[in-house]
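Asker: Pasting a predicted model and its sequence here:
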Amino acid sequence: MTAEERSLLEALDTIVGSEEVRAQIYPIVERVRTELARNRTAQMTWEPIPLTIYGGALPSGIRSSWVSILRGGATTGAERHPNSHQRMMSFEAAGDLQVRAGLADGEEQWQSNLLVSELGAPLERRWISIPRNVWHQVVVPEGSDWGGGFPFTLFRLRN
């Protein structure tokens, strides 16, 4: 990770770590969690977060913000975004955000990045930066949902 990218993640972490911002994100998380509970066949539910929640504090270039909640045992499947750089953090619970950077299509070697939501954990354990065109997928272990009944809650910012 470059010093510039680390600085950006630290800034985002400070913004998202604000009690005022979290208080506005939690109702969105609850709606998304309720939708996942209601739709028993869905592996994941999501909702955009209005950028106005951040009160103009986001660095320029950030164009969207999302909450995604994944059920225990869910795998999103491989995807890549040719037009956006994603920064993701574990908002609640834990999950494995796997990347397959620099490998030829068809190779199945994934690099695991176990993300946790512990506020005292190092930045690299809570956030991941996924540049444009990098294959990635989220894997949540089988069994009960993570975190005392909470599914894995992922927070995304894209530019």
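Answerer: Yes, it's here.
Asker: Tell me how many other residues surround residue 134.
Answerer: 16 (other C-beta atoms under 10 Å). Placement of C-beta: from N, CA and C, glycine included.
Asker: just the strands in this structure please.
Answerer: With strands called from DSSP state E, the chain shows them at 44-48, 64-70, 86-92, 94-100, 114-116, 127-130, 135-139, 152-158.
Asker: Return the most buried member of those.
Answerer: Of all these, strand 152-158 carries the top mean neighbour count, a mean of 24, counting by mean count of other C-beta atoms under 10 Å.
Asker: what's the weakest-modelled helix or strand in this protein?
Answerer: Lowest by mean pLDDT, DSSP states H and E among the helices and strands of the chain is strand 152-158, with a mean of 55.
Asker: just checking, what packs against the lengthiest helix in the chain?
Answerer: Longest helix of the chain, by residue count under DSSP state H: helix 19-38. Helix 19-38 is packed against helix 3-17, strand 44-48, strand 64-70, strand 86-92, strand 152-158, with contacts defined by 3 or more C-beta pairs under 8 Å, 6 or more residues apart in numbering; DSSP states H and E.
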